[in-house]
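S.K.: Any chance you can model this:
(one chain, ligands or ions: 1)
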Amino acid sequence: MIAAPQPTHAAAVTAPNAADRLAVALDFPTAAQAIAFVDSLEGSCRWMKVGLELYCAAGNSLIETLRNRGMNVFLDLKLHDIPNTVAGAIRTVTSAGASLLTVHAAGGEAMLRAAAEAAAENVNSPRLLAVTVLTSMDTSQLTGIGIHDTPATQVLRLAHLATACGVDGLVCSAEEVAPIRQTLGAIPYLVVPGIRPTGSPTGDQRRIATPAEAIQSGASMLVVGRPITQSQNPAETARVILAEIASV
Ligand SMILES: O=C(O)c1cc(=O)[nH]c(=O)n1[C@@H]1O[C@H](COP(=O)(O)O)[C@@H](O)[C@H]1O
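M.R.: Just a heads-up that it's a prediction; the model follows:
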């Protein structure tokens with residue numbers, strides 16, 4: 001277990017919109033565990049990210065349950081397949097009411113265009129995000145899959161491609177946010193995982209930043225999993241992170 005950070009003065013003055021800039025990664029194996037955890041957050045957070053592990057276990061009914069509890073849902077399936085298959089999957093999953101969806105930018109132009117068109121068909125217009133280079137990867141891991149560039153170069157290449165294909169935003173590490181903002185401007189919605197409050201274990205993440213660093217660099221939303229889910233006091237840890245976001 002990770003000790004909860006000590007409350008700071010800033011925790012008492014969290015700006016109202018900080019909660020719209022933090023998605024909690026519900027990386028749990030069952031719906032029951034995920035719902036119990038959401039309850040333990042005591043209403044501190046408004047965005048819940050459902051990833052592959054939980055979605056495979058619980059499916060669309062969990063998305064509806066979270067929506068009924070007043071949560072916004074970020075459905076992170078990182079789809080990566082031929083264009084027709086990805087478009088079909090997006091049409092199926094958007095029916096449950098997720099507000100954010102992910103595909104892998106590495107799926108290429110035709111897949112990204114098909115995904116953007118399928119997401120736009122949904123009456124709720126979920127935001128489509130393209131995952132660039134996973135925050136768990138560094139230069140040597142990219143080399144291992146035949147990409148002889150730094151993560152920053154590859155992220156920028158995929159960011160240009162994905163936005164040209166009509167996606168609404170990108171998932172990248174905090175290290176790439178400023179260069180993306182410099183070349184693509186303020187419009188793309190930039191979602192940043194690999195967030196580690198000072199003192200939190202890095203785990204499998206390689207390109208990390210604190211909540212304040214990521215927000216300062218221009219991130220739209222942060223994704224935080226284990227620093228909150230493995231905290232002894234998840235609600236307090238979430239409030240401290242929200243305060244750090246609001247303090248920037
Ligand atoms: O798309 C994502 O959310 C994602 C992209 C990425 O590059 N890196 C990354 O860690 N994520 C997700 O963000 C969450 C990070 O969790 P923690 O490392 O526990 O904070 C996990 O649910 C990952 O699946």
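S.K.: For the rest of this, base every contact and every neighbour count on C-alpha atoms.
M.R.: OK.
S.K.: My guess is L100 contacts R127. True?
M.R.: Yes: assessed by Cα atoms under 8 Å, L100 is found in contact with R127 at 4.8 Å.
S.K.: Looking only at neighbour counts, state which of the two leads.
M.R.: L100 (21 against 18; other Cα atoms under 10 Å).
S.K.: what sits up against the lengthiest strand in the chain?
M.R.: Of all the segments of type strand in the chain, defined by DSSP state E, the longest one is strand 72-79. By Cα atoms under 8 Å, 6 or more residues apart in numbering, the residues outside strand 72-79 that reach it are 23, 46-52, 63, 66-67, 86, 97-104, 131.
S.K.: helix, strand or coil for the most centrally placed residue in the chain?
M.R.: Taking Cα atoms, centre = their mean, the centroid of the chain lies closest to V223, which sits 4.5 Å from it. At V223 the chain is in strand, as set by DSSP: H, G, I helix; E, B strand; the rest coil.
S.K.: likewise A98?
M.R.: In three-state terms, and counting by three-state DSSP, A98 is coil.
S.K.: again with Y55
M.R.: Per three-state DSSP, Y55 ends up helix.
S.K.: wait, what's in contact with it?
M.R.: Neighbours of Y55 in contact, by Cα under 8 Å, 6+ apart: L62.
S.K.: Please repeat the previous calculation with a cut-off of 10 Å.
M.R.: Contacts for Y55 (Cα atoms under 10 Å, 6 or more residues apart in numbering) come out as 26-31, 61-63, 75-77.
S.K.: Any figure for the gap between it and the ligand?
M.R.: Y55 sits 12 Å away from the ligand, taking Cα to the nearest ligand atom, to the nearest Å as the criterion.
S.K.: Likewise for N122?
M.R.: For N122, the distance to the ligand (Cα to the nearest ligand atom) stands at 21 Å.
S.K.: I figured that residue was touching I90, is that so?
M.R.: Yes: the pair formed by N122 and I90 meets the contact definition of Cα atoms under 10 Å, at 9.2 Å.
S.K.: neighbour count winner among those two?
M.R.: Ranked by neighbour count (other Cα under 10 Å), N122 and I90 place I90 first, with 26 against 15.
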